[in-house]
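A.B. asks: Quick one: sequence and predicted model below, then my questions.
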Protein chains: 2
Amino acid sequence: MTRSDAVEKRASPTVKRTKPKWGNPQTIEDQHRSKREALFLTAARAFNEAGFHNTTLDDIAARLHVAKPTLYYYVKNKDDILLECHRLAFAHMQDAIEETKRSSQTGMEKAHTFLLAYMELVCNPFGQCIIRTGLQPLTPQSRAKLLPIARRINASLQEIIRQGVDDGSIRECDIKLTTNAILGCFNSVAFWYNEGGTLKPADITLKYMDLFLDGLSP
Amino acid sequence: MTRSDAVEKRASPTVKRTKPKWGNPQTIEDQHRSKREALFLTAARAFNEAGFHNTTLDDIAARLHVAKPTLYYYVKNKDDILLECHRLAFAHMQDAIEETKRSSQTGMEKAHTFLLAYMELVCNPFGQCIIRTGLQPLTPQSRAKLLPIARRINASLQEIIRQGVDDGSIRECDIKLTTNAILGCFNSVAFWYNEGGTLKPADITLKYMDLFLDGLSP
DNA sequence: CCACTAAATGACTCTTAAGTCGATGACTCT
DNA sequence: AGAGTCATCGACTTAAGAGTCATTTAGTGG
């Protein structure tokens, strides 16, 4: 690679550093953070397209028009990248879980709120990364950090359905199995959802809810 | 490893060769085939437990009490192993597809037959391997061989549901979306199914069918 | 203009695991 | 017993890709 290439590479997506005045040091930290986020988003997209193990750090660096060692300025290692992608995805659900916990809706209504949030998770690059890449490539330590979060999501939906059965908004059913069925069904959207398409997460949620509510019997 | 260890290793699961008389050469070929099958089953189990990329050929060889180069006597390379695992799994579905094609049942009834077979696929080690490992680790060439088969399964279920809607045994619905929902839901069983448990594939199928047929409305 | 820090990189090292090869033991048939 | 396979393995090569480090460049504040 020639000298001028390198310069051109660095020029394109790298945000120009703005004056890190002592009075307003926020600016430079923001820059660092926004570059980190760009790194994760780019990595997640790459993982989703080619798979975690088929994506090298050189690939990710190339997408960012940067050399591999630069990544290590923002991130500890490859495992760390995936871990953070998962964390960012889960953060999105955290709010939805809290919201349904606080609200005084029926189980059915809560299920709708919760599942809409979940579908949005599953359709965004970080969520797709969770579903498609999974926890397997992570080190056992990183996996141990994420497993409780994943379990909490499952437990929250179980809780919601149980409440629904109690308040009569959902019919009697095997709660664990039903939860697994619904989540499995929603997860699978990560494999065919297309960001550019006309079908938006909210649309899919409605159609799936309809299917799960009224069933296929004529 | 000492000399005697090696001998002991070879002794245990390796079937003793039986006389490959010229008059009955079948015997020795069977032996070769059964060892190949053992290899694939062992590999599939290993992939399911640790993931494809976390499973080395040495791991698989160790499980078979054999040295790595021995594997290459039965198999071209690692890609070949995974490809064959997927092939073996799909073969199971082939029969079910043909059967539903030939039969004169209603769409609903065909769906039941088909989905029972599919659930059995998903719960057996090779099927789990398809779902959990996926096609991503395969070379593009191998992937190209399997993709049409996967599509055929999806298309077959679509066909069945379409017929069900036509003959009135299934209510009007978005056929593609419904197919994806059902298959996604069934696929996810591969992640929690436990061979030793009391819940058998047929039981899960019934419960899931019930859910999809009658829905969750009270 | 100079010292300082943030950011980036070229050119390495190191490890892991896939795949190869020649030699050897086991069994059968004549 | 000797020839001829089948099956197996120890020891090796090779490639890829993660991670490191010393160095350079660019922008900033005094």
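C.D. replies: Sure thing, it's come through.
A.B. asks: which regions of chain A lie under the pLDDT threshold?
C.D. replies: Under the criterion pLDDT under 70, the flagged ranges of chain A are A:1-28.
A.B. asks: In it, what residue comes closest to DNA strand C?
C.D. replies: As assessed by C-beta to the nearest atom of the strand, DNA strand C sits closest to A:P69 within chain A, at 3.2 Å. All C-beta spots, glycine's among them, are computed from the backbone N, C-alpha and C.
A.B. asks: In contact with that residue, which residues?
C.D. replies: Going by C-beta atoms under 8 Å, 6 or more residues apart in numbering or on different chains, A:P69 touches no other residue.
A.B. asks: Which strand or helix spans it?
C.D. replies: Assessed by DSSP states H and E, A:P69 sits inside helix A:68-74.
A.B. asks: by contact count, what packs against the helix or strand just after that helix?
C.D. replies: Counting by DSSP H and E, the next helix or strand C-terminal to helix A:68-74 is helix A:78-102. The helices and strands touching helix A:78-102, judged by 3 or more C-beta pairs under 8 Å, 6 or more residues apart in numbering or on different chains; DSSP states H and E, are helix A:26-50, helix A:107-123, helix A:125-133, helix A:140-167.
A.B. asks: Distance from the chain centre to helix A:78-102, please.
C.D. replies: 7 Å (C-alpha atoms, centre = their mean, to the nearest Å).
A.B. asks: Report whether that helix contacts DNA strand D.
C.D. replies: Yes - Helix A:78-102 lies within reach of DNA strand D by C-beta under 7 Å from any atom of the strand, at A:78-79.
A.B. asks: got the contact list for stretch A:208-218?
C.D. replies: With contact meaning C-beta under 8 Å, 6+ apart, stretch A:208-218 is reached by A:111-112, A:115, A:119, A:182, A:185-186, B:164, B:168-171, B:173, B:177-178, B:181, B:211-217.
A.B. asks: And stretch A:157-173, what's buried?
C.D. replies: A:157-161, A:163-165, A:169-170, A:173 (16 or more other C-beta atoms under 10 Å in any protein chain shown).
A.B. asks: Show me the two of those residues that sit farthest apart.
C.D. replies: A:Q158 and A:S169 (15.3 Å; C-beta to C-beta).
A.B. asks: what about A:M209, how many neighbours?
C.D. replies: For A:M209, the neighbour count with other C-beta atoms under 10 Å in any protein chain shown is 19.
A.B. asks: Any buried residues in the helix or strand hosting it, and which?
C.D. replies: Using DSSP H and E, A:M209 falls within helix A:201-214. Across helix A:201-214, burial judged by 16+ other C-beta under 10 Å covers A:201, A:204-205, A:207-209, A:211-213.
A.B. asks: Relative to A:G196, how far out is the residue of chain A closest to DNA strand C?
C.D. replies: 34 Å (C-beta to C-beta, to the nearest Å).
A.B. asks: pretty sure A:Q136 contacts B:N54?
C.D. replies: Yes - at 6.9 Å, A:Q136 and B:N54 qualify as touching, with contact defined as C-beta atoms under 8 Å.
A.B. asks: Tell me which of those two has more neighbours.
C.D. replies: Neighbour totals were compared for A:Q136 and B:N54, and A:Q136 leads with 16 against 13 (other C-beta under 10 Å).
A.B. asks: how about the nearest residue to the more buried one, chain neighbours excluded?
C.D. replies: B:G51 (4.0 Å; C-beta to C-beta, 6 or more residues apart in numbering or on different chains).
A.B. asks: now do A:P137
C.D. replies: A:F52 (4.7 Å).
A.B. asks: repeat for A:E172
C.D. replies: A:E172 sits nearest to A:V165 (C-beta to C-beta, 6+ apart), 6.0 Å away.
A.B. asks: for the one you found, what are its contacts?
C.D. replies: A:V165 makes contact with A:107, A:171-173, A:175, according to C-beta under 8 Å, 6+ apart.
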